[in-house]
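**Q** Sequence plus the predicted model coming up.
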Amino acid sequence: MAKSLDQRFGPIVVEDSDDIGSNDSTNTPFLEVSGMRTGRRDLLKGLLGTTTALGAAFAAGAAGSVLRPSDAAAQGASTLTFTQPRHVILDSHQVAPGYDVDLLIRWGDKVMPDAPAFDPKNLTGAAQEKQFGYNCDYIGYLPLPHGSDSSEHGLLGINHEYTAPELMFADWFQAGADGKLKERGTTAEETKVEMAAHGHTVIEVRKENGRWSVVDGSPYARRITMDTACRISGPAAGHPRMRTNADPDGTTVHGVLNNCAGGKTPWGTVLISEENFNGYFGGGDPDSSPQAKHYKRYGISAESRYWWHETADRFDLGKEPNESNRFGWMTEYDPYDAASVPVKRTALGRFKHEGATSILNKDGRVVLYSGDDERFDYLYRFVTKGTYDPDDRAANRDLLDEGTLSVAKFDDDGTVRWLPLVHGQGPLTPANGFESQAEVLIETRRAADLLGATPMDRPEDVEPNPVNGRVYVMCTNNTRRKGSQVDAVNPRPENRHGQIVELIPPGGAGREADHAAETFRWDHVLLAGNPASEKDKAAYHPATDVWLSSPDNCAFDPQGRLWISTDQGEAQAKNGIPDGMYACDLEGPGRALVKFFFGCPAGAEMCGPEFTPDGKTLFLAVQHPAEGENSTLANPLTRWPDFQPGMPPRPSVVVVTKQDGGPVGS
């Protein structure tokens, strides 16, 4: 999850303003019921005990340095053979020795054939519509031709999550009467630029002579922006709460918003999420609206974090009270067809999606996992009703319109149960305000509240590992969890650093795992944080000699090893470590032995890790470089990646390859 600035009434500080924590349900944490189960308590005790020596070594070392108290043990246990770079924050990126980092595409670079050159002093919506958008996040690699396993020629589908106007527009902050700097608000043209900088990009890429480049003039090149017409499908399509003045049928909406992580389907389409959509709407009197409780549960208020509602009526809650209901969905599109219409698949539920990653179940059904990225919100799973047909791509076109959406409840005996969100079952009835399945999906959060789902520490990326068949949940942090609210899966109060949870479906490993089963087992991979801090209560493999905070996205290489990207937000400077890529084994003696691989430039977070099928290329998205306290276009923390006077910091996609041509990581 990325952070945006919420500075209308205060000094220039970076706040986690997207994560409002709107869950006021009374779902009871497990420890209040029966205490943490003995096995879980013993596991955590053992994990924490192994980090004692590591914590002492960190505490004894110099701040910002990489201590290596157990290099021999680490090399012997881990299958990851790279040497770690310095674990410090720098103006530029860094990577493990023996690897190259190439810049692939930056904000403002050409996407469409007739795109003008990037001119940071003359940004226009018309130009941005044809250029690479801002704050790149999810990256999906799709081989060319379709159906091949090519690792040197393919398409990249790339999300653009949000805009940072203080790093895009001149004089964004102006002195108020009290002498403090305040936001001036966007002009009508700047709003057009921001709208065009959101959404999604498709580019064609090719590897030649060991180097990747964007194919100019590709027929696949595409921008999906706030002007792109999207079809609404599934149970909520056409519902009265999906209708607006511009769309009285409730079946077509323009644009996708706050596209964070994403996913791919077995039939080669891309799923792009809508995460913090609430911050784009404002105006009116939502507290007096018939949808007041619904607005509150999703963090929608009269005070927008953007100024779009002042120049675009569709974002004004007083003029279009239903427009916000048309965002917060997963959108599917076909990257192999530049003319295809994106489709919002409402059967997958409406919440702050941190992607939707899929796996083909052994019975032929497709299973998707998604986290609701907010403090005390939930983890979801969708199982299709129909089965995947590998020989008929068209037959899979609407597979995601029918199926069962469920929410996770973690029990203190080490199991996790999937609770179906089905109208008419349990509390999801007219007596509780749900007249249809459409309303269950429009108000997915409230439905999950009533089912008693487990409030999590910001579940972000949730990905099935195609090698071992298990599922990994990145829980980023939750500083608002109190001691009385801890439970087995979220075991720390004031959790500043997050944890990684492993879900274990029954049936066996790999393709034998049953991802549609009602009950899984679960475990912790690690508890992030600084081993030198008693308060953090971090837990890693004892030979780990770096630490990480706020796991966000993840990926798996062909060996099934876990690659972790981090997003500390405003805590990056305080923690004194960079966001970037970390990796560890999930099996054998190197399980949870974390190694640091790539460091982002100052202020940036790491997003979108994506390997080519052969594991020899790792695509990475560097989002919001220079974002931080008192960082502006005139005086940014860094001017990465161009480092040219007057040139703004530019979110970019980079490509990491090993200099000897071998697989990344080994």
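**A** Thanks, I have it. What you see is a predicted model; the values in this text were computed from it and never measured. Numbers count the residues shown, from 1 in each chain.
**Q** Just say helix, strand or coil for the residue lying farthest from the centre of the chain.
**A** For the chain, the C-alpha farthest from the mean C-alpha position belongs to Ala177; by CA atoms, centre = their mean, that distance is 38.8 Å. Here Ala177 is coil, with the state taken from DSSP: H, G, I helix; E, B strand; the rest coil.
**Q** what sits against it?
**A** By CB atoms under 8 Å, 6 or more residues apart in numbering, Ala177 lies in contact with nothing. C-betas here are computed from N, CA, C, even on glycine.
**Q** next one: Gln437
**A** So Gln437 contacts Pro235, Val422, His423 (CB under 8 Å, 6+ apart).
**Q** Looking at the residues you listed, which is nearest Phe277?
**A** For the contacts of Gln437, the residue nearest Phe277 by CB to CB is Pro235; the value is 19.3 Å.
**Q** tally of neighbours for the closest one?
**A** Per other CB atoms under 10 Å, the neighbour tally for Pro235 reads 19.
**Q** my read: it touches Ser436, true?
**A** Yes. Counting by CB atoms under 8 Å, Pro235 touches Ser436, with 7.4 Å between them.
**Q** Then Lys296 would be within a helix, right?
**A** Yes. Secondary structure of Lys296 (three-state DSSP): part of a helix.
**Q** Quick one: neighbours of it, just the number.
**A** For Lys296, using other CB under 10 Å, the count is 15.
**Q** Run through the residues that contact it.
**A** For Lys296, counting by CB under 8 Å, 6+ apart, the contacting residues are Ser22.
**Q** how much space between it and Asp363?
**A** 40 Å (CB to CB, to the nearest Å).
**Q** Over to Lys293?
**A** In terms of CB to CB, Lys293 sits 39 Å off from Asp363.
**Q** For Leu167, give me its contacts.
**A** His624, Ala626, Glu627, Ser631, Thr632, Leu633, Pro636, Pro648, Pro649.
**Q** Present the residues you listed as TSV; the columns should include neighbour count.
**A** Below are the contacts of Leu167 laid out as TSV (neighbours: other CB atoms under 10 Å):
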residue	neighbour count
His624	28
Ala626	25
Glu627	28
Ser631	23
Thr632	19
Leu633	20
Pro636	21
Pro648	25
Pro649	29
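**Q** residue boundaries of the strands in the stretch 551-666 of the chain?
**A** 551-556, 562-566, 580-584, 595-599, 605-611, 617-623, 652-658 (DSSP state E, counting those that start in this stretch).
**Q** Show the contacting residues for His294.
**A** Ile442, Glu443, Arg446.
**Q** what's the first one in contact with, if anything?
**A** Read that as Ile442. Taking CB under 8 Å, 6+ apart, one finds Ala236, His239, Arg241, Met242, His294, Asn325, Thr346, Arg350 in contact with Ile442.
**Q** what about the last one, which SS state?
**A** This means Arg350. coil.
**Q** That one - how many residues pack around it?
**A** Other residues close to Arg350 by other CB under 10 Å number 24.
**Q** try the fourth one
**A** By other CB under 10 Å, 23 other residues sit near Met242.
**Q** now Leu181
**A** 17.
**Q** Just give the nearest non-adjacent residue to Thr357, would you?
**A** Gly263 (4.1 Å; CB to CB, 6 or more residues apart in numbering).
**Q** Roughly how far does that neighbour sit from Val111?
**A** Counting by CB to CB - Gly263 and Val111 are separated by 22 Å.
**Q** neighbour-wise, which of those two wins?
**A** Neighbour comparison, Gly263 and Val111: the larger count goes to Gly263, with 25 against 21 (by other CB under 10 Å).
**Q** Secondary structure element holding that one?
**A** Here Gly263, judged by DSSP states H and E, is contained in strand 262-264.
**Q** Against which helices or strands is whichever helix or strand comes after that strand packed?
**A** Sequence order places strand 270-272 as the next helix or strand after strand 262-264, per DSSP H and E. If you count contacts as 3 or more CB pairs under 8 Å, 6 or more residues apart in numbering; DSSP states H and E, strand 270-272 packs onto strand 136-143, strand 153-160, strand 262-264, strand 330-333.
**Q** Let's see that with 10 Å instead.
**A** strand 136-143, strand 153-160, strand 199-208, strand 262-264, strand 330-333 (3 or more CB pairs under 10 Å, 6 or more residues apart in numbering; DSSP states H and E).
**Q** No further questions, thank you.
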